[in-house]
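Q: sequence and predicted structure are below.
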Amino acid sequence: MTMASNAGQAGDLLLSVEDVDVGYGHVGVLEGVTLSVRRGSIAALVGRNGAGKSTLLRAISGLLTPSRGQIVFNGRAISRDKPHAIVGAGLLHVAEGRRLFRSQSVDDNLELGVYGLKMDAAGYQRRLARVFELFPVLEEKRRLPAGALSGGQQQMLAIGQAMMREPVLLMLDEPSLGLSPLLVDQVFAAIMALQQAGTTILLVEQLVERALEIASEAWVLQNGRMIASGPAAQIAASEELRAAYMAAH
Ligand SMILES: Nc1ncnc2c1ncn2[C@@H]1O[C@H](COP(=O)(O)OP(=O)(O)OP(=O)(O)O)[C@@H](O)[C@H]1O
C-alpha cells in the first residue's frame, strides 16, 4: 500500500474543505461548508437524504467546482483541478451505485483501475494480491463478468478497483447500500483493514451508527450546512444530532 508517510506527519490534516459553496448551475446546495480529514483516520460524513453529502464528495473529487472557498489535499489546493488530476494526486472516489463495466471480467475491471499508470508486472501482481487478500471472493470469480456478481461482490469490486491505484485518500459513498447484513460486515471489515494498511478514508454511510463505530471523527450535514463535527463517539451520543442525521426516508 502507499503508506501515508511520504508527506507530513501521521494525524496532520490530509484534506481540508474550507468554507465552500457548491451547487448545480444556479441551484445552490452547499453553503459555507468546512470539513477536514486527518491523515490515517476514518472520517464519517453523515446527514439525511438530500443533505448534500454526495454533492460534497463530487466537489472534492473535482466533478463540481465550488463557487466559493477552497479545498486543499496533501498540501495543495485542488478546488480548480480536473478530476483526473485529483485522481493522479491519490484521491479516489467510489461513487454510490458502483460504476463498473458489467460485461467485462472482474480481472478486466481491476486492470482498468490502474489505467494510465506505469508499472511493471510484479508491481501489478502485488496490487492485485492486496485486493484478493481483502476480498478473496473476487479471486474466485476473477474470470466472470462483473455483472454476474452479487450486489455485495460488485461493491467489493468497486472498492478493489479504487485500491489498485493505492489511494492516499479513499472516499466511499454509501458502500453498504443494498447489501445483506453479512456483506455489510465484510465491507466494514475491509474498510478497517484498508485504514490499518495506511489509507485515509472519508465515509458517507446511511448506516450511521455503524459508520460512527469505525470513524474517529464525524461531520454532520443538514440542508447543505455543516451543523456539527467532533469525535465520532460524541456525535453518536448526542440525541439532538441524531434527529439531524437519522433518515426521514
Ligand atoms: N445532478 C444534480 N442536479 C441538480 N440537483 C442535484 C443533483 N444532484 C443532487 N442534487 C440536489 O442536491 C441536493 C443534495 O443532494 P445530494 O445527493 O448531495 O444529497 P445526499 O446527502 O448525498 O443525499 P442522498 O443520501 O439522497 O444521496 C438535493 O436537493 C438534490 O436534489
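A: Right, received. Where do you want to start? Numbering: from 1, shown residues only.
Q: strands of this protein, start to end?
A: 13-24, 27-38, 42-46, 68-73, 76-77, 91-94, 169-173, 200-204, 217-222, 225-231 (DSSP state E).
Q: just name the most buried of those strands.
A: Most buried of the strands of the chain, by mean neighbour count (mean count of other CB atoms under 10 Å): strand 42-46, with a mean of 26. (C-beta placed from N, C-alpha, C; glycine too.)
Q: mind giving me the packing neighbours of it?
A: Contacts defined by 3 or more CB pairs under 8 Å, 6 or more residues apart in numbering; DSSP states H and E place strand 42-46 against strand 27-38, helix 53-60, helix 181-196, strand 200-204, helix 208-214, strand 217-222.
Q: lowest average pLDDT across the ones you listed?
A: Ranked by mean pLDDT, those bottom out at helix 181-196, which scores a mean of 91.
Q: check which residues of that one are buried.
A: Going by neighbour count (16 or more other CB atoms under 10 Å), the buried part of helix 181-196 is 183-184, 186-188, 190-191, 194-195.
Q: now swap in stretch 141-155 and tell me
A: Of the residues in stretch 141-155, those buried (16+ other CB under 10 Å) are 141, 145-146, 149, 152-155.
Q: my guess is residue 227 contacts residue 235, does it?
A: No - contact criterion CB atoms under 8 Å: residue 227 and residue 235 do not qualify, at 10.6 Å.
Q: hang on, the earlier thing: identify the farthest-apart pair in the buried residues of helix 181-196.
A: Pairwise distances across those peak at 19.0 Å for 183 and 195 (criterion: CB to CB).
Q: gap between stretch 55-65 and the chain center?
A: 12 Å (CA atoms, centre = their mean, to the nearest Å).
Q: can I get the CA coordinates of the helix or strand bottoming out on mean pLDDT in the chain in PDB?
A: Lowest on mean pLDDT, DSSP states H and E among the helices and strands of the chain sits helix 239-245, with a mean of 85. Provided in PDB are the C-alpha atoms of helix 239-245 (Å, rounded to 0.1, in the frame of the first residue of the first chain):
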ATOM      1  CA  GLU A 239     -29.700  12.900  21.000                       C
ATOM      2  CA  GLU A 240     -30.100  16.200  19.300                       C
ATOM      3  CA  LEU A 241     -27.700  15.400  16.500                       C
ATOM      4  CA  ARG A 242     -29.400  12.000  16.000                       C
ATOM      5  CA  ALA A 243     -32.500  13.800  14.900                       C
ATOM      6  CA  ALA A 244     -30.500  15.700  12.300                       C
ATOM      7  CA  TYR A 245     -28.900  12.700  10.600                       C
END
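Q: show me what it is packed against.
A: Using 3+ CB pairs under 8 Å, 6+ apart: helix 239-245 touches strand 217-222, strand 225-231.
Q: quick one on the thing from earlier: among the buried residues of stretch 141-155, which are within reach of the ligand?
A: Residues of the buried residues of stretch 141-155 in contact with the ligand (CB under 6 Å from any ligand atom): none.
Q: tell me the one of these nearest the ligand?
A: If you rank the buried residues of stretch 141-155 by distance to the ligand using CB to the nearest ligand atom, residue 155 comes first, at 15.9 Å.
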